[in-house]
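# below is the sequence, then the predicted model.
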Amino acid sequence: MSPVRVFQCSRLEGTVYLPGDKSISHRALLLGAIAQGTTTVSNFLPSGDCLATAGALRDLGIEVVLPDSHTAIVHGRGLRGFRCPEKPVNCVRSGTTMRLLTGLLAAQPFESTLTGEEQLLRRPMERVASPLRQMGAHICTMNGYAPIIITGQNLRGACLALDVPSAQVKSAILLAGIYADSPATLLEAAPTRDHTERMLGAMGVNIDIRESKGIREITLIPPTHPLLPLEIKVPGDFSSAAFILAAALLAPQSRVRIKDVGINPTRIGFLDVLYQMGADIRIAGERIMANEPVADLEVQTSELEAVEIKGDLVVRMIDEFPILAVLATQARGRTIVRDASELRVKETDRIATVVKELKRLGARIEERPDGFEIWGPSQLRGIPVSSHGDHRLAMSLFVAGLVAQGETVIDDLDCAADSFPGFLTVMQSLGAHYVQY
């Protein structure tokens, strides 16, 4: 662990490019592995989590080459090209790797085991195993958690309703559906990120999507032909942009431009909330990249008002609640977050850890079973805090340190590389001051 001392910031200014989107980078590797031919991924995110996916695929006999830090080449072996691993496949700390691979491996002609580090072994896995069993999969968890033992089976189509809105669970089912003997249909009451659907469609898979009375119905028809390889440039990660946006909104006299950011509607609930709070953010140069909407974001310092967040909006910003909490400490009024109990089963219990650390900084924040309440604005004070090894909490505390009086010491910011390698360098280029030990 490398502690970081963060100093109060007087201004942020400049133009930055962000690393590629983590969700899309994961999926490009996984889908490239089952394509017939070579998939090239530029602006690939070389984060700890995405590298875990690359390592897992290598364990399964797939050649993944990283010729430079932001390019990945996947030599796909087709739908049945995986090889039986010689040992348990290590997903390290990545829930996306483990859950999506569970869907892919459910139909392979061998037994495999997925495991990982302690942090990953605390995350619930029955939510993906249970619906896959309804398709005929044979999956064993350890009292609902990893390690996961998967014995490949012939899968059948099914109509499944997602009990908990989850793009990872949805994607696992869609990937398993590629191997089913008949169409697989999912019903989701809240829209989750749709990168898997977009990418599968580009690879030639027939996916029908309909919406009626608030229910999104997604039907995948199993392909009868090889999947097409991709040549894809990954957009900048909006979840990483969230930290830059928040920092520029809070630091005085700031003006920042973020280039080539993915603005997929299923991902930008946080942006909608920022507008509700009164943020001055402009979207410029909208275009399509890798079948995904992309734009530049221009942001400047703004006076913020409190908001209430609940319902479907929670799903569209599930990764942004730690940084939303930091913004709420400086917004006028009471910010309320409801319907976000899913935060308790992320890398950490993100309700408990966010409340604990922001309280230490002087925030007026109270924990709720499914969220939290924050009264602002509060004068934050620099003090030693802990990231709990959670990359999004670590970066959120860094942003809090930019507006706190005095010096804020964060015990570990290395974990930021799980999703945003180079975070400190980007912040420094905009004018943030820190010392890393």
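Right, received. Where do you want to start?
# quick one: the helices in the stretch 301-437 of the chain, in order.
Counting by DSSP state H, counting those that start in this stretch, the stretch 301-437 of the chain has these helices, from start to end: 312-315, 321-328, 350-360, 391-403, 423-430.
# nearest to Arg93, out of the ones you listed?
helix 391-403 (9.0 Å; Cβ to Cβ). Just so you know, the C-beta spots here come from the backbone N, C-alpha and C atoms, and that holds for glycine as well.
# how far off helix 321-328 does the closest one point, in degrees?
20 degrees (axes from the mean of the first three to the mean of the last three Cα atoms, to 10 degrees).
# now do helix 391-403 against helix 423-430, angle only.
Using the same axes, to 10 degrees: helix 391-403 against helix 423-430 is 30 degrees.
# helix 391-403 packs against which elements?
Judged by 3 or more Cβ pairs under 8 Å, 6 or more residues apart in numbering; DSSP states H and E, helix 391-403 is in contact with strand 4-7, helix 238-250, helix 321-328, helix 350-360, strand 407-410, helix 423-430.
# Throw the ones you listed into CSV and include mean neighbour count and mean pLDDT, thanks.
Formatted as CSV, those follow (neighbours: other Cβ atoms under 10 Å; pLDDT from 0 to 100):
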stretch, mean neighbour count, mean pLDDT
strand 4-7, 21, 98
helix 238-250, 26, 98
helix 321-328, 28, 98
helix 350-360, 21, 98
strand 407-410, 22, 98
helix 423-430, 18, 98
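# circling back: nearest to Phe238, of the helices of the stretch 301-437 of the chain?
helix 321-328 (11.8 Å).
# contacts for the closest one next, please.
242-243, 246, 249-250, 270, 273-274, 277, 304, 306-307, 309, 317, 335, 337, 340, 343, 350, 354, 358, 363, 365, 372, 374, 376, 390, 392-393, 395-397, 399-400 (Cβ atoms under 8 Å, 6 or more residues apart in numbering).
# what about the helices in the stretch 151-300 of the chain?
Counting by DSSP H, counting those that start in this stretch, the helices of the stretch 151-300 of the chain are 167-177, 195-202, 238-250, 269-277.
# tell me which strands and helices the third one is in contact with?
Taking 3+ Cβ pairs under 8 Å, 6+ apart as contact, the helices and strands that helix 238-250 lies on are strand 255-262, helix 269-277, strand 292-300, helix 321-328, helix 391-403, helix 423-430.
# ok, for Leu220, nearest residue in space, not its chain neighbours?
Spatially, and ignoring its direct neighbours in sequence, Leu220 is nearest to Gly177 (4.3 Å; Cβ to Cβ, 6 or more residues apart in numbering).
# so what's the one you found up against?
By Cβ under 8 Å, 6+ apart, the contact list for Gly177 reads 135, 155, 157, 183-184, 220, 222.
# rerun at 7 Å
By Cβ atoms under 7 Å, 6 or more residues apart in numbering, Gly177 lies in contact with 157, 184, 220, 222.
# quick one: which of these is nearest Glu126?
Proximity of those to Glu126 (Cβ to Cβ) peaks at Ala184, which lies at 19.1 Å.
# which non-adjacent residue is nearest the closest one?
Nearest one to Ala184, counting by Cβ to Cβ, 6+ apart, is Gly177 at 3.2 Å.
# relative to Pro183, how far out is that neighbour?
7 Å (Cβ to Cβ, to the nearest Å).
# which neighbours do those two have in common?
157, 220.
# next, the closest residue to Gly95 other than its chain neighbours: phi, psi?
Leaving aside its chain neighbours, Gly95 sits nearest to Arg123 (5.3 Å; criterion: Cβ to Cβ, 6+ apart). Main-chain torsions, Arg123, degrees, to the nearest 10: phi -100, psi 140.
# quick check, pLDDT for Arg123.
Per-residue pLDDT puts Arg123 at 94.
# what about it, how many residues nearby?
18 (other Cβ atoms under 10 Å).
# Val345 is in contact with that one, correct?
Yes: if you go by Cβ atoms under 7 Å, Arg123 and Val345 touch, sitting 5.9 Å apart.
# surely Gln436 touches Ser2?
Yes: using Cβ under 7 Å, Gln436 makes contact with Ser2 at a distance of 5.5 Å.
# overlap in contacts of the two?
By Cβ under 7 Å, 6+ apart, no residue touches both Gln436 and Ser2.
# find the helix or strand that Arg127 is a member of.
helix 126-133 (DSSP states H and E).
# quick one, that helix and helix 167-177 angle?
Using the same axes, to 10 degrees, helix 126-133 lies at 20 degrees relative to helix 167-177.
# for the remainder of this discussion, apply numbering that starts at 7.
OK, 7 is where the count begins now, so the last one is helix 132-139.
# chain center to helix 132-139, what's the gap?
Centroid displacement of helix 132-139 relative to its chain, using Cα atoms, centre = their mean, to the nearest Å, is 20 Å.
# could you do stretch 292-312 as well?
With Cα atoms, centre = their mean, you get 17 Å for stretch 292-312.
# now do it, average pLDDT.
Averaging pLDDT residue by residue across stretch 292-312 gives 96.
# what is the end-to-end distance of that stretch?
29 Å (Cα to Cα, to the nearest Å).
# what comes up buried for that stretch?
295-296, 298-308, 310, 312 (16 or more other Cβ atoms under 10 Å).
# what's the answer for stretch 369-376, then?
Those would be 369, 371, 376, for stretch 369-376 by 16+ other Cβ under 10 Å.
# now do the contacts for Pro25.
51, 243, 246, 426-428.
# mind doing that once more with 8 Å?
49, 51-53, 76, 242-243, 246, 426-428.
# export those as TSV, with columns for distance to Ile145.
Formatted as TSV, the contacts of Pro25 follow (distance: Cβ to Cβ, whole Å):
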residue	distance to Ile145
Asn49	34
Leu51	28
Pro52	30
Ser53	27
His76	35
Gly242	35
Asp243	30
Ser246	32
Phe426	32
Pro427	32
Gly428	37
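# for those residues, which one is nearest Thr272?
Of the contacts of Pro25, the one sitting nearest to Thr272 (Cβ to Cβ) turns out to be Asp243, at 13.9 Å.
# return the distance of the residue lying closest to that closest one once chain neighbours are set aside relative to Ser53.
Among residues not flanking Asp243 along the chain, Asp27 sits closest, at 4.2 Å (Cβ to Cβ, 6+ apart). Using Cβ to Cβ, we find Asp27 at a distance of 10 Å from Ser53.
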